[in-house]
Structures are given as C-alpha cells and as structure tokens.
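Visitor: just the structure for this:
(one chain, ligands or ions: 2)
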Amino acid sequence: MASTLEALDHWVTEVAAMTRPARIHWCDGTDGEYRALVQQMLESGTLIELNQQTHPGCYLHRSHPSDVARVEHLTFVCHPDEQDAGPNNHWMDPAAAHAKIDALYDGCMEGRTMYVVPYCMGPIDSPLARCGVEITDSPYVVVNMRIMTRMGAAAQARIEREGHFVKGLHSVGELDPERRFIMHFPAELTIKSYGSGYGGNALLGKKCHALRIASHQARNEGWLAEHMLIVGIENPRGETHYIAAAFPSACGKTNLAMLIPPEGYRRDGWKVWTVGDDICWMRPGADGRLYAINPEAGFFGVAPGTSDETNPNALQSVARDAIFTNVALTADSQPWWEGLPGTPAIDWQGRPFDPAHGPAAHPNSRFTVAANRCPTWSAQAEAPQGVPISAIVFGGRRPSLLPLVMEARDWTHGVLMGAAMGSETTAAATGAVGVLRRDSMAMKPFCGYHYGDYFRHWLSFDQPDAVLPKIFHVNWFRKDKDGTFLWPGYGDNLRVLEWMIQRVEGRIEGVQTPIGILPAAGELRVDGLNLDGRKLDVLLDVDHVAWRSELAAIGDYLASFGSRLPEALRIEQQRVARALDNVIEEPRREAMAR
Ligand code: OXD
Ligand code: MN
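Guide: Ligands and ions are numbered 1, 2, ... in the order given. Presented below is the predicted three-dimensional model:
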C-alpha cells in the first residue's frame, strides 16, 4: 500500500490497470523530488535551461503549438441531468463521457511514469481548504502542481485523515487536438483530462478542481468558489481592507493583485498586499462577514505585457525559480516577451525570431512561480481562517458604455452587475480574440453548474445576520474616440480602490444614477495624474439611452437561463430598466408640461 487510505490505493490501482504505466511514482513534494524531475526534463528536452546568471532556477517549456490555451469547446460538465449543467456549459451524459475518455486512457501510459500527486488547495491547516489527488503522466504537470498547490506528503496526510479527496486523472496522450477532452463529473468529485499539457487543462487543481468542481461543492455547502484575485489595501493609518475582484482571463487580475501605489499614495503610506491573483474561496464567518482564502500557492500568470512599468512585483517574483511556458528567448537565453526591453532572438516555437511569424512570445505564454516570491505577498495569505472581504469588484474589457467605476445599491443589484458582466475575449482560451461576450462573474468557462442556480446561490448570501461586502463594477478599458485607453490603469487603479474603500467606510456620498452610485465631483483622487477633465467626464459618463439598450440586452441574456433564473434577478433588471426609462422620459414630460 502506498497510502493508508484504501480508497486512494484502490483508485490508483484501477487507473494503473487501465493506463498501464511502466512505473508509478507517489510524489512527496520535496525539493529533492522537484530537482530530480527538472533534471530528467532537461535531459529529455521537455525543459530548457535559461540563463542561470540572470535567472537562477528558471526553465523554459515549449508546448505543442496546438496546445497553448484552455479549450472551452472540449470542456464538459457531466451532471447526470443535462439541465443541471445549464446553457453555460457543454454537457455529456456521465456514462457516455466516461466511456469516451476511458477508451482514450486505455494503455496510454505504456512506457511512461505515472505520477500520483496529492495536493491541498488552500493553507494546509485551513478548514476552508480542500484536497485532491491528480494522477498524471506529465512531469511538467508535476513540477507546476508543486508550485501552484501545497503538494506532497502533508496533503496526503490530510487526505488520509479526512478520508475523501477530488480525483483527477490526466494524460497528455498524443497531444492531438482531435483526441482531447477535459471532463468533469461534479457528483463524483472526479475530473478526467486527456490530450493537453496546457495549464488550465492539465494542472487539475486549478480551473478543474478549484473552480468547476469547487463551485458545485460550494453551492451544496454554502460557500463561493470564484474566479477572483484577493488584494489587501493598507491605508496610512495601518488599516487593511481586503478586496476580491473578478475579471475574465487575461484582463489584469495579476496586475491588480500586485499593484504598486502611485507616487503620492506611496509617500502618504499606502501599501498593497497580495493574497491571490486568480481564485478565491469565500465563506461567511461567525461575525457574518465573508472570509476568503486563495486556494493556490503560486501564480500561473500571463507573461506578455508584464514589465517594470505594468507590474514590477511580478517581474521580481519570476527573477528566480520560475518555469516559463512559450515565451521567447534573447540571444543570451533570458526569457523575453512583448512589453520587455531588449530584443528576442528565438521565438516561442524555437525558431529564429521573424516578425513575419507573429509575436515572439505566444500571447498566452505564462510564468509559474511560488506566490511567496512576490515582494508584496501578504502575511495573511496563509491565515487558516482567511481574510475578511470588504468589497467585491466585477469588471471586464468594455471599450465603451461601462463607466470607470460604479457601486451597486445593494447585494441583489450587485449580483445583477456580476451576472451582466461582459468582456472582450482574450488569448487565454482558443477561439476569436476581441469579441464581446457575456461572462457572468468572470465564471463563464468555470462555473460547474447551471448559471441560473449559480445566481440563486449568490443571492442566498443576503441573510439578515450577514455583513456583506459592498459590490462594485469597474472598467479600466474604456476607449476614447481615437481608440486609445482613457484611464492609465495599473498602479493608478488604486485611486478607484480608494474611492471604494471610502464608500465602504461611509466617508463619501457618491452620486446616485439609475445604473448605480458613481463618484461625485472631486471624490476620485486624481492628483499627480495627467488626466484632463474631459477624459474623466467620459470615464464617468452615463449614456442613458445606450444603457437602456444594454439593459434590454441583459434582459435577453438573463431570459436565456429560463425557469432557473431567480425571479429576484429579473425584477432587479426591470427596476434598473425602469429607472433609466424615467430619466429618459423626464425631459419629455417636462417639455410637455411647459
Ligand atoms: C487562467 C485563465 O489561466 O483564466 O487563469 O485562463
Ligand atoms: Mn484565471
């Protein structure tokens, strides 16, 4: 027995009988094991050593060129009843899905090592944490899981104590896009992934477990598993507010989680503390507030665009002991991507760089690094009870209409704001880039059940004894007529977070509008910012007529969830639509009265 837990041993034996590996390796998570796997991958060419003078302990992995992003069209959520998956997921009957993918697993690990990877999502001693075991034939997955989760003996000990775990089976197979599936069986707490080595498809603790399976568990158990960063904002008085923020993939969660305050703020003593950059698990505490943990232990960040100007903390984090995937190389083997100074010599596919082939680094190239490498890593990030959340923020890439910031008038309105979220698609998933799509709570690719039930679950937190965070919506991406961004973003986003905190503390009033509460004149601190008043006016403009059309589109979108849409959300959409009608009608009524 390699585990004292019979269920675990039994499952490993069963998988080995199906996949027929040459060897089985139970991962202990030690440094020695990590080093040995790296060495083995250097020898096989799976990893390439980077310049060890400039980037000690850093390596490059080049994935198969057809395996560079999440594959939403091949990702299935297999509830016994199709209705439970909702229109937001691809569904397959569980028995049919098992049969389909098990046929692919048959003998797929012949000649390979099968790694058994016990892991814990969340601080190892946290009651909010959950454990899983990933079986994989990819050593690249094992070393990434070691960085991204609490992996190894301690996780195995917790699993043996608790007696249950999420089962994740992964094989890179032949890396053939025609033989690729990412399947979830929420009722069985099981994941099966075949044919991809890419992070979101293969590091099963991340999207598959911590979002799709966990969102289902969270619904049953009264908590929330969300696609959110967690950041602590410390004011000059030394008080810290924690903010959880949901943005779709590749919309700047890592940057916001690590932001450097603008000069004036730094002088005044503002500090920013990083708790998480991608996933947040939240649960009501005894005092009625929501407490959050980051279930991950590392960052799997988008490299392009990360620079000393945009995110110096991320750049410092990856200066050592990082694994890069699909970035370019300089002539002296330093990692390179668009946004960094210097010039690339070799592109992400290992060819001499030629701009005619497109960008040097793949637009979804990534770095994997331990979270505690981040200079702003929060001392509270390991707190077993989590951090109390003061504000929840939703946001997306919207070139027009959505103001820089608005606050929901109450929880139900905030849930509507989250449900209505839209964003332009990015390179984090295969498919067209730059197309506007609704992405409720940034969970479209990750919600493991029917969105209508998910909205109802969100609404259910509004209990008499709850002390809920305020909910806001932001848009850093609004563009001017000439197509340039109106808001500088990055560190200056702290100005918007400060406005939120002031609202949370009841220090400022804001202005009421039909779509929410916006900053009143003078409330948003813009000193030291070269932003002309016209731009600020556009950023905070509410075009009532255009918003009326947006509300109609939101109504149509909500209606697509049929009878599972909570009535309260439909009523809320109608309330906002009516408030807009009243504003639009008012001048007409006044004119008629004259
Ligand atoms: C990610 C994603 O990798 O959202 O975090 O795609
Ligand atoms: Mn993500």
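Visitor: just the element for the residue of the chain found nearest ligand 1, please.
Guide: Going by CB to the nearest ligand atom, ligand 1 is nearest to S249 of the chain, at 3.1 Å. The C-beta positions use only the backbone N, C-alpha and C, and glycine is treated the same way. In the assignment (DSSP states H and E), S249 maps to no helix and no strand.
Visitor: was I right about it contacting A428?
Guide: Yes - with contact defined as CB atoms under 8 Å, S249 counts as touching A428 (3.4 Å).
Visitor: quickly list what's touching both of these two.
Guide: Taking CB atoms under 8 Å, 6 or more residues apart in numbering as the criterion, S249 and A428 both touch R70.
Visitor: those two: who's more crowded?
Guide: Comparing S249 with A428 by other CB atoms under 10 Å, the one with more neighbours is S249, at 24 against 21.
Visitor: from A95, how far off is that one?
Guide: As defined by CB to CB, to the nearest Å, S249 lies at a distance of 31 Å from A95.
Visitor: quick one: buried residues of stretch 212-223?
Guide: R212, I213, A214, S215, H216, Q217, A218, R219, W223 (16 or more other CB atoms under 10 Å).
Visitor: contact partners of that stretch?
Guide: Stretch 212-223 has contacts (CB under 8 Å, 6+ apart) with 77, 121, 128, 130, 166, 184, 186, 189, 191, 224-226, 281-284, 295, 443, 446-449, 453-454, 457.
Visitor: what does the pLDDT read for the residue of the stretch 401-550 of the chain found nearest ligand 2?
Guide: Per CB to the ion, A428 is where the stretch 401-550 of the chain lies closest to ligand 2, at 6.9 Å. pLDDT recorded at A428 is 82.
Visitor: next: T425.
Guide: With respect to pLDDT, T425 has a value of 87.
Visitor: do you know how far the residue nearest to it when sequence neighbours are not counted is from L402?
Guide: Spatial nearest neighbour of T425, chain neighbours left out: V435 (5.0 Å); criterion: CB to CB, 6 or more residues apart in numbering. Relative to L402, V435 is positioned 16 Å away (CB to CB).
Visitor: more neighbours: these two, which one.
Guide: Neighbour count, other CB under 10 Å: between V435 and L402, L402 has more, with 27 against 9.
Visitor: near ligand 2, which residues of the stretch 101-250 of the chain?
Guide: Contacts of the stretch 101-250 of the chain with ligand 2, taken as CB under 5 Å from the ion, map to S249.
Visitor: do a quick rundown of the strands in the stretch 101-250 of the chain.
Guide: Remark: strands assigned in the stretch 101-250 of the chain by DSSP state E, counting those that start in this stretch are 113-121, 130-136, 150-151, 166-171, 181-185, 190-194, 224-226, 228-234, 240-246.
Visitor: generate JSON lines for the ones you listed, with mean pLDDT as supplementary columns.
Guide: Below are the strands of the stretch 101-250 of the chain laid out as JSON lines (pLDDT from 0 to 100):
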{"stretch": "strand 113-121", "mean pLDDT": "98"}
{"stretch": "strand 130-136", "mean pLDDT": "98"}
{"stretch": "strand 150-151", "mean pLDDT": "98"}
{"stretch": "strand 166-171", "mean pLDDT": "98"}
{"stretch": "strand 181-185", "mean pLDDT": "98"}
{"stretch": "strand 190-194", "mean pLDDT": "98"}
{"stretch": "strand 224-226", "mean pLDDT": "98"}
{"stretch": "strand 228-234", "mean pLDDT": "98"}
{"stretch": "strand 240-246", "mean pLDDT": "98"}
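Visitor: dump these to CSV, plus mean neighbour count.
Guide: Below are the strands of the stretch 101-250 of the chain laid out as CSV (neighbours: other CB atoms under 10 Å):
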stretch, mean neighbour count
strand 113-121, 25
strand 130-136, 26
strand 150-151, 26
strand 166-171, 26
strand 181-185, 24
strand 190-194, 25
strand 224-226, 27
strand 228-234, 25
strand 240-246, 23
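Visitor: dump those strands to JSON lines, plus distance to ligand 1.
Guide: As requested, the strands of the stretch 101-250 of the chain are exported to JSON lines (distance: least, CB to the nearest ligand atom, whole Å):
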{"stretch": "strand 113-121", "distance to ligand 1": "14"}
{"stretch": "strand 130-136", "distance to ligand 1": "16"}
{"stretch": "strand 150-151", "distance to ligand 1": "18"}
{"stretch": "strand 166-171", "distance to ligand 1": "16"}
{"stretch": "strand 181-185", "distance to ligand 1": "12"}
{"stretch": "strand 190-194", "distance to ligand 1": "15"}
{"stretch": "strand 224-226", "distance to ligand 1": "12"}
{"stretch": "strand 228-234", "distance to ligand 1": "10"}
{"stretch": "strand 240-246", "distance to ligand 1": "11"}
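Visitor: who wins for proximity to V369 among those strands?
Guide: strand 150-151 (14.8 Å; CB to CB).
Visitor: what is the closest one packed up against?
Guide: Judged by 3 or more CB pairs under 8 Å, 6 or more residues apart in numbering; DSSP states H and E, strand 150-151 is in contact with strand 113-121.
Visitor: just how off-centre is the strand it packs on within its chain?
Guide: Taking CA atoms, centre = their mean, to the nearest Å, one finds the center of strand 113-121 at 22 Å from the center of the full chain.
Visitor: relative to strand 130-136, how tilted is it?
Guide: Calculated by axes from the mean of the first three to the mean of the last three CA atoms, to 10 degrees, strand 113-121 forms an angle of 160 degrees with strand 130-136.
Visitor: who in this protein is up against ligand 2?
Guide: Taking CB under 5 Å from the ion as the measure of proximity, the chain contacts ligand 2 at S249, D278.
Visitor: hmm, 6 Å instead?
Guide: H227, S249, D278 (CB under 6 Å from the ion).
Visitor: could you redo those residues as CSV and give each row pLDDT?
Guide: Below are the residues of the chain next to ligand 2 laid out as CSV (pLDDT from 0 to 100):
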residue, pLDDT
H227, 98
S249, 89
D278, 97
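Visitor: ok, the closest residue to ligand 2 within the stretch 101-250 of the chain - contacts?
Guide: Using CB to the ion, S249 is the residue of the stretch 101-250 of the chain that sits closest to ligand 2, at 4.6 Å. Neighbouring residues of S249 by CB under 8 Å, 6+ apart: R70, H227, T426, A428, A429, A442, P445.
Visitor: before we move on, back to that, dump the strands of the stretch 101-250 of the chain to CSV, plus distance to A345.
Guide: Listed next are those as CSV, based on distance: least, CB to CB, whole Å:
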stretch, distance to A345
strand 113-121, 34
strand 130-136, 33
strand 150-151, 34
strand 166-171, 33
strand 181-185, 35
strand 190-194, 34
strand 224-226, 41
strand 228-234, 34
strand 240-246, 37
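Visitor: which residue comes closest to K253 once chain neighbours are left out?
Guide: Spatially, and ignoring its direct neighbours in sequence, K253 is nearest to L229 (4.3 Å; CB to CB, 6+ apart).
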